[in-house]
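*Asks:* need the 3D shape of this:
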Amino acid sequence: METEITICLGSSCYTRGNRETLEVIRHFIAAHQLQAKVFFHGDLCTGRCSQGPILRINDRVYEWVTPDNVVDILMSVFGSEDSMTSMGDNTVV
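*Replies:* Residues are numbered from 1 along each chain as shown. The predicted structure follows:
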């Protein structure tokens, strides 16, 4: 099953860091050879501007995503030695 990653590219999320986060995710996908397993795309405003930047992976929404914490989020989804890393307050189920 393909994992869907949707990054908010609305103006608020984009200017608050998702521009850089987009590149970090692209690099992560390439570095871990996930191109065939991931559908990565952008979406316009998700309506959660006050909690942004926003990232959605399948049905889980992550708030306050930054270039610094997105790798931890991706590692928790795709597995690693740190797969049990807590997502803290940036996860909304």
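*Asks:* buried residues in the helix or strand encompassing Ile7?
*Replies:* Using DSSP states H and E, Ile7 sits in strand 3-8. Residues Ile5, Thr6, Ile7, Cys8 are the ones in strand 3-8 that count as buried (16 or more other C-beta atoms under 10 Å). (Glycine included, C-beta is placed from N, CA and C.)
*Asks:* can you check stretch 27-44 too?
*Replies:* Phe28, Ile29, Leu34, Val38, Phe40.
*Asks:* the third one reaches Phe78, doesn't it?
*Replies:* Yes - using C-beta atoms under 8 Å, Leu34 is in contact with Phe78, at 6.8 Å.
*Asks:* which neighbours do the two share?
*Replies:* Taking C-beta atoms under 8 Å, 6 or more residues apart in numbering as the contact rule, Leu34 and Phe78 both touch Thr3.
*Asks:* wait, is Gly42 part of a strand?
*Replies:* Yes - under the criterion used here (DSSP: H, G, I helix; E, B strand; the rest coil), Gly42 sits inside a strand.
*Asks:* please look at it and Gly10 and confirm they touch.
*Replies:* No - contact between Gly42 and Gly10 fails when scored by C-beta under 8 Å: they sit 9.3 Å apart.
*Asks:* now do the contacts for the closest residue to Tyr62 other than its chain neighbours.
*Replies:* Take Tyr62 and drop its neighbours on the chain: the residue closest to it by C-beta to C-beta, 6 or more residues apart in numbering is Leu55, 4.5 Å away. Neighbouring residues of Leu55 by C-beta under 8 Å, 6+ apart: Ile5, Thr6, Ile7, Cys8, Asn18, Thr21, Val61, Tyr62, Val65, Val70, Ile73.
*Asks:* need the phi and psi values for Leu55.
*Replies:* Note on Leu55: its backbone torsions stand at phi -140, psi 140 [degrees, to the nearest 10].
*Asks:* just the pLDDT at the closest residue in space to Phe28 that isn't next to it in sequence, thanks.
*Replies:* Take Phe28 and drop its neighbours on the chain: the residue closest to it by C-beta to C-beta, 6+ apart is Leu74, 5.2 Å away. What the model reports for Leu74 is a pLDDT of 97.
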